[in-house]
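Q: any chance you can model this:
(3 chains)
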Amino acid sequence: MLEIRNLHVQIEDKKILNGLNLTVHKGEVAAIMGPNGSGKSTLSYVIAGKEDYEVLDGEILLDGENILEMEADARAAAGVFLAFQYPLEIPGVATMTFLKAAMNAQRKARGEEELATTDFMKRVRAGAEKLGIPQDMLKRGLNVGFSGGEKKRMEILQMALLEPRFCILDETDSGLDIDALKVVSDGVNALRSPDRAFLVITHYQRLLNYIVPDTVHVMAHGKVVKSGGKELALELEANGYADYKTLAA
Amino acid sequence: MPAVQETVEQVRAIDVDQYKYGFETDVEMDVAPKGLNEDIVRLISSKKGEPAWMTEWRLDAFRRWQTMREPTWARVDYPAIDFNDIHYYAAPKNNPAPKSLDEVDPAILDTYKKLGIPLREQEILAGVQTSKVAVDAVFDSVSVVTTFKEELAKAGVIFCSISEAMREHPELVRKYLGTVVPVTDNFYATMNSAVFTDGSFVYVPKGVRCPMELSTYFRINEKNTGQFERTLIIADEGSYVSYLEGCTAPQRDENQLHAAVVELIALDDAEIKYSTVQNWYPGDSEGKGGIYNFVTKRGDCRGKNSKISWTQVETGSSITWKYPSCILRGDGSRGEFYSIAVSNGRQQVDSGTKMIHLGKNTTSRIIAKGISAGRSNSTYRGLVSAHRKATNARNFTNCDSLLIGNKCGAHTVPYIESKNATAVFEHEATTSKISEEQMFYCMQRGLSAEEATALIVNGFVKDVLQQLPMEFAVEAQKLISISLEGSVG
Amino acid sequence: MTDITPIRTPAESAILSRFPEVKASLPGTSAVATLREQAFGRFQETGLPHRRIEKWKYTDLRALMREAAPIAAVPTEADLAIAKALLAGLPDFGAANVTVVNGRFAPSLSDLGALPAGVSVVDLGEALGSGHPLVVERMGRAAAADDAALSLNAAFVAGGAILTVAPGTAVERPIALRFVTVGNASAVYPRALIEIGKGASVTLIETHLSADGVAHQANEVVEIFAGDATTVDHIRINAHGDAAVDVSSLGVVLGGEANLRTFNFVTNPAAARHQVFFRFAGEHSTATVSGASLLKGKRHADTTLFVDHAVENCASREMFAHVLDGQATGVFQGMILVRPEAQKTDGKMMSRAVLLSDDATMNNKPELEIYADDVACGHGATVGALDEDLLFYLRARGLPKAEAEALMLAAFVGEALESIGHDGVRETLEGLVEAWLKAR
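A: From the prediction side, this is the model:
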């Protein structure tokens, strides 16, 4: 589903990704692990299309189509979803308003009918209930005054409603206590399907106890330095990243 | 509000140089010669069939005006105005006084229809809207029609053109006119006092809650015409009224002058809510044409526990010079000012408010949101003052500016003056831009750059939009997005 | 407005007729003489600022200066002795002293022999006459606004000091610039030019001193040119007498990657106006402009700031505290200008005032003028009495009212004092605040 070939990326003259290669298949849950500064978050931003990053070389193919020339909103409509490590606050814009605007914009881009209000409300309520998001939170400004856990749950709700093909979870476990982690993981696991792929970015193995990956890739110095099955995560947990820091250097 | 999608479509449909209300109506007009002199003042007074005291009042204003100078302190820049190159009176030919809607020139009714103003009562009664709005429509210099008069009369509310009020209710006009904005208040107010041609008059008697929203739509149609309307609203003890004002003008290459005066008087326990959606023609993207909007609006909370609330959405005019203010004279009175000023192209806005705390336990609140785009400049200018006797006066002010693009300017000039130790004033102001992070977040969820901007801007102004009556809020939201068209990317 | 013939006040008339009389006796090369003429010409046009002049709206110099005091004469030995006695009352900061008496440099009261390495001091009066490079290249370039007070100083300046800190010098010992006015009520126009070389760091303590009961009229200008990567801590203590009218202007041009703090403290003069003209000339610099005014009786103190963000990536913090008792008036006018090219500017300005009496007045005018879009700027202003609830809480814990108030006020002013880098100076000012509160 997603294929990254020889990706070189820099920001403000600083090289972050150095010839990264990665393939994620349909239905697969791939985990990216790596020490701080290895370029994990950069990878997520570049896939989603953040402007500050300069792609020097390489390509990113989504079902065979190069998405690098597409704007962020076009990529979203094509099915790329990024669950942010630090979701943004948008004061004055009610969460409901935002959800509806986003859902309809994507539907429109795909040439689909807009959702009827009743249908929309039904979907949001059902999704919110599953994630334990109270109704009054949906009326408040998007992410404004939400706790870390609430923000992450809101990201997963958006993921559920927007029904993307390719989901990136950027450090979704950061700032979550164990209960919140479980709620969020359950939300993600419920979305696993043969047509959908996930890229789970995390520093710690902990999250992978809840969202069990099919493959694990280790990143260091801007590229994937080792790939393996889920047991690779446990190995990392035991030995740390020290080996990889030297390996890539 | 789910209007975002709709807003964006509106934006797409309309080019910045295609002001939606820029059409012109072809009506036969009665126009006074250009220029301002005593004869013109007398002519206006006689056209209106005014009593002698009113003619004198105008002449006195005119003589004082001749000794005054145009104010230069505002942060606006425009070529000198030739006050003798303006028609000070223009009226549709079949004037005076249509007795009913059927006597009004259909072309004018059609104009208001195009503007979306439901002039015909039956349309409203038959329509989907459940709330009723009584409308006074002012076309160039004269009021053409006022609706719902009978129903209002049942409640004792007087709502008519000010010309009519001068004939029918001279005692009220004489008692209150010029008591909030004195004849010599400022250059434009004094000019208005000399030449004002029409406007609305409202009197709400003691204890009456006005049964519907009152509304005036102002339209400048004739070329080289200035519009000088005068509005006087009196809320007697314990009464309540909500009043809406809308403004449009045709698209013209030359600048047109609008110098209005609005006076509000709230007696004991009375409340006046005054909302404006100002959408005068702003000129084209290069700054050609557009309305010079030099307006004096002031409310006097004369009675105890009275309240006056101003809400304005300013999207139009090439130059705006406007400071709706409250004199908090009565003990326990309250003043509010909620403002959204959107500027784009070459527009210049210098607007704000004054809250003058004179009485004890007076409170005021100011929320001003400025959005500058294109090559426009927007200034918030405000005064909050507590006089010696204003024990326990309270003010909270928040003015935020949002810049879109790096060729515009946003300025904040507040004056905060306190002479009372128990007064507490708090003021905060911020200037920022729409963050790239917020934009990316919205776009990652599938919104286009334009949609994302509209969404974030609507969030930015939400506190003020909430103050508007529902019908106006939706209209205002659309207007804001239309005004910002072409400012993204 | 030019077609209106201004009506001259007696003070204005006196100043206007004085310049032609004294200009020949003022020091300077022909170039300096030209500058004087030009400045005087500007003053002739504007006259003394009054409330119709927007920037002087709240401080009407025409009203404050009914008469123009005569220009101070060159100090005699007796004057210097009086000055020395006055100076002895100042707190000791262990500083190297540079002293100006009645508008002229006073070498006998300066520690010229004991200046720290890299620091040099020159008599400005002499420098005006000798065409000193700093006079030629720098004078009037930091405090460069079109302003009547600046014009008057430029026309009448008779002396002062030039202070330079060599590049790369870390000056440990503070430098104290002391301006003393003695004798009968007189007008003084001293100026100081300060150049701080690249990479240098220094603490400057500027004090203004005169005796109570004498209606001096002081108009001081201090210009600081701080180069790239400098660290400057500047503290100004206005200790003029209680009858003095003092107008001071501080001009700063700050280079890149530099950090400058300036603090103004005023309690005593009858009327004081402190204007700061601050310009960022290099990127990635930080400025902290702050101050405290504690006023009682009929005193009047005005702080007027103009912070010019002319380049990218700079941050400014302005924080002022005013405590107003009796019939005192406090004024704060602050302007942050962000020019179109000054992207990524971070500017925050705060003015807070406490009114302790029903006859006190506070006038605040914090302004933002912003032409760049990628900025985060804000200002806040509060005026009010002390928090009743907090006061009650303290009294419920057994503190008498005056003590509770003093405690809260000390904390209130303390917030502004925190921005002073030099511990000794900060502690001294904390002591002065405490003394002021006790004497209330």
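
Q: residues touching C:Asp358, list them.
A: B:Arg388, B:Asn420, B:Ala421, B:Thr422 (C-beta atoms under 8 Å, 6 or more residues apart in numbering or on different chains). For the C-beta atoms, the positions are set from N, CA and C on the backbone; glycine is no exception.

Q: give me the three-state assignment for A:Lys108.
A: helix (DSSP: H, G, I helix; E, B strand; the rest coil).

Q: the closest residue to it other than its chain neighbours and chain C, how far apart?
A: Ranked by C-beta to C-beta, 6 or more residues apart in numbering or on different chains and with sequence neighbours excluded, the top spatial neighbour of A:Lys108 is A:Glu114, at 6.8 Å. Relative to chain C, A:Glu114 is positioned 33 Å away (criterion: C-beta to the nearest C-beta, to the nearest Å).

Q: pLDDT below threshold where in chain A?
A: A:245-249 (pLDDT under 70).

Q: please tell me how far the spatially most central residue of it sits from chain C.
A: In chain A, the residue lying closest to the centroid (C-alpha atoms, centre = their mean) is A:Ile168, at 2.0 Å. Separation of A:Ile168 from chain C (C-beta to the nearest C-beta): 28 Å.

Q: isn't that residue up against A:Ile47?
A: Yes. Counting by C-beta atoms under 8 Å, A:Ile168 does reach A:Ile47; the two are 6.1 Å apart.

Q: so what sits against both of these two?
A: In contact with both A:Ile168 and A:Ile47: A:Val80, A:Leu82, A:Leu199, using C-beta under 8 Å, 6+ apart.

Q: can you name the residues that contact the residue of the stretch 201-350 of chain B found nearest chain A?
A: Of the residues in the stretch 201-350 of chain B, the one nearest chain A is B:Ile340, at a distance of 11.9 Å by C-beta to the nearest C-beta. With contacts defined as C-beta under 8 Å, 6+ apart, B:Ile340 is in contact with B:Gln312, B:Val313, B:Glu314, B:Lys369, B:Gly370, B:Ile371, B:Val461, B:Val464, B:Leu465, B:Ala476, B:Ile480.

Q: so what's the third one bridging to?
A: The one in question is B:Glu314. B:Gln278, B:Ala341 (DSSP bridges).

Q: tell me who's in contact with it.
A: B:Thr276, B:Gln278, B:Thr320, B:Lys322, B:Ser339, B:Ile340, B:Ala341, B:Val342, B:Val349, B:Ser351.

Q: check the third one and give its pLDDT.
A: Here, the pLDDT recorded for B:Thr320 equals 91.

Q: confirm that it sits in a strand.
A: Yes. Counting by three-state DSSP, B:Thr320 is located in a strand.

Q: look up phi and psi at the residue in chain A positioned nearest to chain B.
A: Using C-beta to the nearest C-beta, the single residue of chain A nearest to chain B is A:Gly92, 3.1 Å away. Geometry field for A:Gly92 lists phi and psi as phi 80, psi -10, criterion degrees, to the nearest 10.

Q: thought B:Val457 was touching it, still the case?
A: No. At 9.2 Å, A:Gly92 does not count as touching B:Val457 under the criterion of C-beta under 8 Å.

Q: what number of residues lie near residue 229?
A: Reading this off chain A. Counted with other C-beta atoms under 10 Å in any protein chain shown, the neighbours of A:Gly229 add up to 11.

Q: please go with chain C instead
A: Residues lying near C:Ala229 (other C-beta under 10 Å) number 20.

Q: then C:Val188?
A: Using other C-beta under 10 Å: C:Val188 sits among 29 other residues.

Q: can you check A:Lys50 too?
A: Based on other C-beta under 10 Å, the number of other residues close to A:Lys50 is 21.

Q: and the closest residue in space to it that isn't next to it in sequence, how far is that from C:Thr34?
A: When the adjacent residues along the chain are set aside, A:Lys50 lies closest to B:Phe440, with 5.3 Å between them (C-beta to C-beta, 6+ apart). As defined by C-beta to C-beta, to the nearest Å, B:Phe440 lies at a distance of 57 Å from C:Thr34.

Q: the more surrounded of the two?
A: B:Phe440 (22 against 11).

Q: and the more buried one, that's in a helix?
A: Yes. Assessed with three-state DSSP, B:Phe440 lies in a helix.

Q: on that earlier part again, among the contacts of C:Asp358, which ones are buried?
A: B:Asn420, B:Ala421, B:Thr422 (16 or more other C-beta atoms under 10 Å in any protein chain shown).

Q: so of the residues you listed, which ones are in helices?
A: Per DSSP state H, helices hold no members of these.

Q: out of these, which one sits closest to chain A?
A: Among these, B:Thr422 lies closest to chain A (C-beta to the nearest C-beta), at 32.7 Å.

Q: which of the helices or strands spans residue 32?
A: Picking chain A for this. strand A:29-33 (DSSP states H and E).

Q: you answered for a different chain; I wanted chain C.
A: Counting by DSSP H and E, C:Val32 is part of helix C:30-46.

Q: other SSEs contacting that helix?
A: Applying 3 or more C-beta pairs under 8 Å, 6 or more residues apart in numbering or on different chains; DSSP states H and E, we find helix C:30-46 packed against helix C:10-22, helix C:148-156.

Q: any chance you could map the helices in chain B?
A: B:3-13, B:38-47, B:52-66, B:106-114, B:121-126, B:149-154, B:162-168, B:170-176, B:187-195, B:436-444, B:449-460, B:462-465, B:470-484.

Q: chain A too?
A: Under the criterion DSSP H, chain A contains helices at A:40-48, A:72-77, A:95-109, A:117-130, A:135-139, A:148-162, A:178-191, A:206-210, A:231-239, A:242-248.
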